[in-house]
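Undergrad: fold the following for me, if possible:
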Amino acid sequence: MGLRFETRRSDSPWADAVWTCTSEQVTTMTSVAGVRWGLVFWEQDGRTHAGITGPGTRTGTAPVPEGATFTGIEFAVGTRLRAVPPPALVDGGIPLPGTTRRRFRLDGASWETPGPDDAEALVGSLVRAGVVVRDRLVADVLRGHRPDTSGRTVERRFRAVTGLTRGAVRQIERARTAAELLAAGDPAAEVVAKLGYFDEPHLARALRSYVGRTAGQLREGAGGAIGLDLAQRRTS
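TA: Numbers count the residues shown, from 1 in each chain. Predicted coordinates for the structure are as follows:
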């Protein structure tokens, strides 16, 4: 196996998940569209690296080096970095130079490089320092609240805070949920009904655009390494 990928839910209201990945050999990974920005830290050949990752609007292929270990934090939708315009991160990212095993620099300050067990401690420090901030309107809308403002204003705020439209957020999240359900063994027809797709061809197009897998590949665990922790669904 080329990659060992694991993820867990975060207990911080500012972050959604913490993930780890170990590459056992040189490989390529299918990247999956996602609506969250994040921080990623990795070690290879005795050197430590860090970067900011942005939301992705499409699937793609990414190289993964041999013998690297990764720790990543996915921040909640509605949060953002104070110093980085969210649209600048969409379908891309920013490297953080000068990272060591102990420290990395972000927003003009030095922070402790985290492992998977102290990721939430870093999140808390960034929030308290005002490096990570939240847009309450976007967060409230995501929780189902109806704001006392126009739809156009809400859409502008979504774009400013996430770099994405509300529609894109819904479509990408729905496709990722569909992939998890299919990987867990749910029939495609049930996934269509459960998630409100028009029919199976519409589901297939969404999977092709956002996940890079067919329903059959997800069900069988085929297609190679993928940047989505589907093993948890298969065994839960």
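Undergrad: how does the chain divide up, domain by domain?
TA: According to automatic domain parsing, the chain is divided into the following domains: 3-136, 166-235.
Undergrad: buried residues, the longest helix that the chain contains. List them.
TA: With secondary structure taken from DSSP state H, the chain has its longest helix at helix 166-183. By 16 or more other C-beta atoms under 10 Å, the buried positions in helix 166-183 come out as 166, 168-169, 171-176, 178-183. In short, each C-beta sits where N, CA and C put it, glycine included.
Undergrad: next one: stretch 129-142
TA: Using 16+ other C-beta under 10 Å as the burial criterion, the residues of stretch 129-142 that qualify are 131, 132, 134, 135, 137, 138, 139, 141, 142.
Undergrad: just the ones of those residues in strands?
TA: With DSSP state E as the criterion, strands contain 132, 134 from among the buried residues of stretch 129-142.
Undergrad: farthest pair in the buried residues of stretch 129-142?
TA: The span of those, defined through C-beta to C-beta, is set by 131 and 141 at 23.6 Å.
Undergrad: ok, now how distant is the closest residue to residue 68 other than its chain neighbours from residue 79?
TA: Excluding the flanking residues, the one nearest residue 68 by C-beta to C-beta, 6 or more residues apart in numbering is residue 44, at 4.1 Å. The gap separating residue 44 from residue 79 is 28 Å, by C-beta to C-beta, to the nearest Å.
Undergrad: which one's more surrounded, those two?
TA: Between residue 44 and residue 79, counting by other C-beta atoms under 10 Å, residue 79 is the more crowded of the two (24 against 14).
Undergrad: next, that one: phi, psi?
TA: Backbone geometry at residue 79, expressed as degrees, to the nearest 10, gives phi -100, psi 160.
Undergrad: specify the beta-bridge partners of it.
TA: Listed by DSSP bridges, the beta-bridge partners for residue 79 are residue 77, residue 134.
Undergrad: quick one: the strands in the chain?
TA: Going by DSSP E, the chain shows strands at 3-9, 15-23, 27-31, 38-44, 47-53, 60-64, 69-75, 79-81, 93-95, 103-106, 109-112, 132-134.
Undergrad: is it possible to export those strands to CSV including mean pLDDT?
TA: Output for these, formatted as CSV (pLDDT from 0 to 100):
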stretch, mean pLDDT
strand 3-9, 86
strand 15-23, 92
strand 27-31, 84
strand 38-44, 95
strand 47-53, 96
strand 60-64, 85
strand 69-75, 96
strand 79-81, 96
strand 93-95, 95
strand 103-106, 97
strand 109-112, 97
strand 132-134, 96
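Undergrad: ramachandran angles for the residue of the chain positioned farthest from its centre?
TA: No residue in the chain sits farther from the centre than residue 148, which is 29.7 Å out by C-alpha atoms, centre = their mean. Per-residue torsions, residue 148: phi -90, psi 60 (degrees, to the nearest 10).
Undergrad: if I look at it, how far off is residue 141?
TA: 12 Å.
Undergrad: what's the answer for residue 80, then?
TA: Applying C-beta to C-beta, the value for residue 80 to residue 141 is 15 Å.
Undergrad: for residue 206, same thing?
TA: Residue 206 sits 22 Å away from residue 141, taking C-beta to C-beta as the criterion.
Undergrad: residues contacting residue 222?
TA: Counting by C-beta atoms under 8 Å, 6 or more residues apart in numbering, residue 222 makes contact with residue 216.
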